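Peer 1: For reference, the sequence and a predicted model appear below.
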Amino acid sequence: MLLLTTTVPAAAVIDGTTDTTNSFPNVGGLQLQDEGEWFDFCTGTLVAPDVVLTAAHCTDFFTGDVGDPDALGPDDWRVSFDADPDENSTYYGADHFVVHPDWLANQVGPGGGNSKMSFLKDGLEDIALVFLTEDVANVTPAPVADAGYLDGLDLTSETFTVVGYGTDEYVTGSAASPMAITVYDGARSYKDVTVITKQDLFPDRFVKITKSVCFGDSGGPLFHEGTLVALNTWTFSYRCDGPNLEYRVDSAPAQSFLDANL
């Protein structure tokens, strides 16, 4: 949120480490197709052999059927689990999307604010599943946290890791600048972060972490010792140089959604 007044979707890891050793093989880069061209736009995690967990705001606009010329649909979505995808990478397509119904019911368009208003208000559950057309080969799905997982930790003494694809740095300008100079390599990167435990007007469905994620990391995982505990959702800065909010998958609304669909 810019000056704590505006929320914008999160994207790639700022000042992160490129995953050259394939340390996070179950984290994939999501792409969408527009006029025959494929573009990176979000991140997701394989949580079952044919299921990707990501953010609702990375999926809610795929509303068309296969072949629909007027709306994005399953045939306009794909994911690669390569650390640095290119035209020779293996891609997996979407069969269908399952977005948390409360997100679909309560979303009212662009929002702002740093409290329980707009994107952070009760009922906006930023979580979705993408069911693939086939199982992903040679990749072990990530374990997902059980209910209340984070409540059992002393958050001030734990280290977490964010993973994502996307913007790596703003050299000049910001996401609000038409002539911004950015660093973006399209590769998977990661960074260890800590939790900011002071609550300042955000719901307990979120956890606040130190500077890390940016535009393109949305939907990617926050890991604790290999377990997926939250999803990259909102950054507080158009330059991605402030703290971020992660949507807790151990929260009651997320757990209910996962139990019903996964």
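Peer 2: The structure has been received and is ready for your questions. Numbering: from 1, shown residues only.

Peer 1: alpha carbons only for contacts and neighbour counts from here, please
Peer 2: OK.

Peer 1: burial measure for the residue lying closest to Glu134 once chain neighbours are set aside, as a count.
Peer 2: With CA to CA, 6 or more residues apart in numbering as the measure, Asp50 is the residue that lies nearest to Glu134, at 5.9 Å, once sequence neighbours are left out. Burial of Asp50, expressed as a neighbour count using other CA atoms under 10 Å, amounts to 19.

Peer 1: now Val99
Peer 2: Counted with other CA under 10 Å, the neighbours of Val99 add up to 23.

Peer 1: Setting aside sequence neighbours, what's the nearest residue to it?
Peer 2: Using CA to CA, 6+ apart and skipping residues adjacent in sequence, the residue nearest Val99 is Ala128, 4.3 Å away.

Peer 1: And the pLDDT for Asn106?
Peer 2: Here, the pLDDT recorded for Asn106 equals 80.

Peer 1: Now do the contacts for it.
Peer 2: Gly123, Leu124 (CA atoms under 8 Å, 6 or more residues apart in numbering).

Peer 1: separation between it and Asp122?
Peer 2: Taking CA to CA, to the nearest Å as the criterion, Asn106 is separated from Asp122 by 9 Å.

Peer 1: go on, Thr63?
Peer 2: As for Thr63, its distance to Asp122 is 24 Å (criterion: CA to CA).

Peer 1: Please apply the same query to Phe131.
Peer 2: Distance of Phe131 to Asp122, computed by CA to CA: 26 Å.

Peer 1: the more surrounded of the two?
Peer 2: Per other CA under 10 Å, whichever of Phe131 and Asp122 has more neighbours is Phe131, with 22 against 14.

Peer 1: which residues does that one form a beta bridge with?
Peer 2: Here Phe131 sits in beta bridges with Val51, His96, as judged by DSSP bridges.

Peer 1: What of Val162?
Peer 2: Lys191, Leu222.

Peer 1: Just say helix, strand or coil for the residue sitting furthest away from the middle of the chain.
Peer 2: With distances taken as CA atoms, centre = their mean, the residue sitting farthest from the centre of the chain turns out to be Pro69, at 26.8 Å. What DSSP: H, G, I helix; E, B strand; the rest coil gives for Pro69 is coil.

Peer 1: which residues are contacting stretch 148-165?
Peer 2: Contacts of stretch 148-165 with the rest of the structure, by CA under 8 Å, 6+ apart, involve 11-13, 24, 27-29, 42-43, 186-197, 212-213, 216-218, 220-225, 229, 232, 250-252.

Peer 1: how far is that stretch from where the chain is centred?
Peer 2: For stretch 148-165, the distance between its averaged C-alpha position and the chain's averaged C-alpha position is 16 Å (CA atoms, centre = their mean, to the nearest Å).

Peer 1: residues of it that come out buried?
Peer 2: Of the residues in stretch 148-165, those with enough neighbours to count as buried (16 or more other CA atoms under 10 Å) are Leu150, Phe160, Thr161, Val162, Val163, Gly164, Tyr165.

Peer 1: residue contacts, the residue nearest the centre of the chain?
Peer 2: In the chain, the C-alpha closest to the average C-alpha coordinate belongs to Gly219, at a distance of 1.2 Å (CA atoms, centre = their mean). Gly219 makes contact with Cys42, Thr43, Gly44, Leu53, Thr54, Ala55, Ala56, Cys58, Ile127, Leu231, Asn232, Thr233 under the criterion CA under 8 Å, 6+ apart.

Peer 1: if we go to 7 Å?
Peer 2: Gly219 makes contact with Cys42, Thr43, Gly44, Thr54, Ala55, Cys58, Leu231, Asn232, Thr233, according to CA atoms under 7 Å, 6 or more residues apart in numbering.
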